[in-house]
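>>> Okay, predicted coordinates and the sequence, questions at the end:
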Amino acid sequence: MAYDNAVKALDIVIACSAILGNGLVIFVMTVRRKQFTSVTNRLILHQSVVDFVSGVTFLGLRVIKGPGSFVGAEVGDTFWGVLVCRLIESDYFIWGLNVTSSYNLVVISLERFLATCYPVKHRNYCSLFKIKVSMCAAWIIGFAYSTRVIAMRRVHQGMCVPVRFSAVYLILPPLLVEYMIPVTLMAFSYVKIYLMLRRKLAGETNANQRGQGVLSKAKRNVLKTMLIAGTLFFVCWSPIMVVRFLIITTNIEYLEVVFIACYGLVMCNMSVNPVVYCFKYEHFQVQLMHLIRSTFRRNRVQAGGETNPTPLSIDPIQPTRATQLTM
């Protein structure tokens, strides 16, 4: 009983942190949308929307409903009973949203790779329409792939029961789609960005100290983003891959408990994304402070005081013609 309460408390913390963190990002970037007009910021906003929906879904299906509510329970042979067993109890929506989140991170990394290594092509071909298509593709990949979990539950004599599958089916698709493909694409993107910035930095002359400083800062930011995002994605997803393999291939005790802990770690990935992509992003921090200050300023004006307006800062990721020519 104490163990169940601890798991539920942890699920509540994960869900609420995802909802509050991503909700704050959505609020700030929506209210101050004129300061977040770049393609990258649109993708970051989309990332927060996906993770916010993930948090709400996780709260409803894992905290309010509770895991395993219908397994072994009588749901009936009706159409509704089959839907509840196959869609709800299989965690189809949770896994679909998590895979969607992973592939939106891939889209962000590829967009930054294209903008850094091929700025002309990025300017000519990376239109808002194509970005929206990429966002839709992440949703399609996430939910199309997650249809595999629907087959893991079935209604037998009115009861929702699990279905047994081969070890290859249980290990290979998650390893490739949920883990190897996203990690490989993100690693490729950030490594190529690092190499490009290092080459540009090496090509700068000593007289161009200003340009060298800009490239040095960009290099540090890319390295920091790559290390944080790559490490956290690796930390959140690697353990559950290992435990899945051990559960299927060995008879080690207590692996089910470890799997639940690893499952919670995967769910934490929807909470850490705002920290990695937004709260460590200086422009977001500036706009958040502008929003807070403007709120206090309105309160002071209403109370009879006067303050000087704070100038707005432009979106530093939005490329201008000058910055594109120097890339």
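Thanks, I have it. Given the structure is predicted, the values throughout are model-derived calculations rather than measurements.
>>> Would you check that L10 makes contact with Y263?
No - here L10 lies out of contact with Y263, judged by Cβ atoms under 8 Å, at a distance of 10.4 Å. From N, CA and C alone the C-beta is placed, and that goes for glycine too.
>>> Compare the two (neighbour count), which wins?
Here L10 and Y263 are set side by side on neighbour count (other Cβ atoms under 10 Å), and the busier one is Y263, at 19 against 16.
>>> Is the more buried one within a helix or a strand, and which one?
Following DSSP states H and E, the helix or strand that holds Y263 is helix 255-274.
>>> Would you mind putting the CA coordinates of that helix into PDB?
Included here for helix 255-274 are C-alpha records, laid out as PDB according to Å, rounded to 0.1, in the frame of the first residue of the first chain:
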ATOM      1  CA  LEU A 255      12.400  -6.100 -12.500                       C
ATOM      2  CA  GLU A 256       8.800  -5.200 -12.600                       C
ATOM      3  CA  VAL A 257       9.400  -2.600  -9.900                       C
ATOM      4  CA  VAL A 258      12.500  -1.300 -11.700                       C
ATOM      5  CA  PHE A 259      10.400  -1.100 -14.900                       C
ATOM      6  CA  ILE A 260       7.900   1.200 -13.200                       C
ATOM      7  CA  ALA A 261      10.700   3.400 -12.000                       C
ATOM      8  CA  CYS A 262      12.100   3.600 -15.500                       C
ATOM      9  CA  TYR A 263       8.700   4.300 -16.900                       C
ATOM     10  CA  GLY A 264       8.500   7.300 -14.600                       C
ATOM     11  CA  LEU A 265      11.900   8.400 -15.800                       C
ATOM     12  CA  VAL A 266      10.600   8.400 -19.400                       C
ATOM     13  CA  MET A 267       7.600  10.500 -18.300                       C
ATOM     14  CA  CYS A 268      10.100  12.900 -16.700                       C
ATOM     15  CA  ASN A 269      11.300  13.800 -20.200                       C
ATOM     16  CA  MET A 270       8.100  15.800 -20.800                       C
ATOM     17  CA  SER A 271       9.000  17.900 -17.700                       C
ATOM     18  CA  VAL A 272      12.700  18.600 -18.500                       C
ATOM     19  CA  ASN A 273      12.200  19.900 -22.000                       C
ATOM     20  CA  PRO A 274      11.000  23.300 -20.800                       C
END
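>>> Give me the buried stretch members for that helix, please.
Taking 16 or more other Cβ atoms under 10 Å as the neighbour-count basis, helix 255-274 is seen to contain the buried residues 255, 258-260, 262-274.
>>> ok, now stretch 283-297?
283-284, 286-288, 290, 297.
>>> cool, stretch 118-127 as well?
Within stretch 118-127, the residues scored as buried using 16+ other Cβ under 10 Å are 119, 122, 126.
>>> so what's G21 up against?
If a contact means Cβ atoms under 8 Å, 6 or more residues apart in numbering, then G21 has 271, 274-275 as its contacts.
>>> I'd like the distance from V25 to I19, if you could.
As judged by Cβ to Cβ, to the nearest Å, V25 and I19 stand 11 Å apart.
>>> more neighbours, these two?
In this view V25 and I19 are compared by other Cβ under 10 Å, and V25 has more residues nearby, 26 against 20.
>>> Check which helix or strand that one maps to.
Per DSSP H and E, V25 falls inside helix 2-31.
>>> Could you look up the next helix or strand downstream of that helix?
Scanning forward in sequence from helix 2-31, with DSSP H and E defining helices and strands, the next element found is helix 39-58.
>>> Give the ranges of residues in the chain that sit below the confidence cut-off.
In the prediction, the chain carries residues with pLDDT under 70 at positions 1-3, 67-76, 203-223, 225-227, 277-279, 298-327.
>>> Which residue ranges of it form strands?
Along the chain, the segments classed as strands by DSSP state E run 153-156, 159-162.
>>> what packs against the first one?
To tie it back to what came earlier, the one meant is strand 153-156. Contacts of strand 153-156 with other secondary structure elements, assessed using 3 or more Cβ pairs under 8 Å, 6 or more residues apart in numbering; DSSP states H and E, are made with strand 159-162.
>>> Name the residues of the strand it packs on that are buried.
By neighbour count with 16+ other Cβ under 10 Å, strand 159-162 contains the buried residues 159-160.
>>> How far away from the center of its chain is it?
Distance, stretch centre to chain centre, for strand 159-162: 32 Å (Cα atoms, centre = their mean, to the nearest Å).
>>> got the CA coordinates for that strand in PDB?
Coordinates of the C-alpha atoms in strand 159-162 are reproduced here as PDB (Å, rounded to 0.1, in the frame of the first residue of the first chain):
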ATOM      1  CA  MET A 159     -12.600  -9.400 -19.800                       C
ATOM      2  CA  CYS A 160      -9.700  -7.100 -20.700                       C
ATOM      3  CA  VAL A 161      -6.600  -9.300 -20.800                       C
ATOM      4  CA  PRO A 162      -2.900  -8.900 -21.900                       C
END
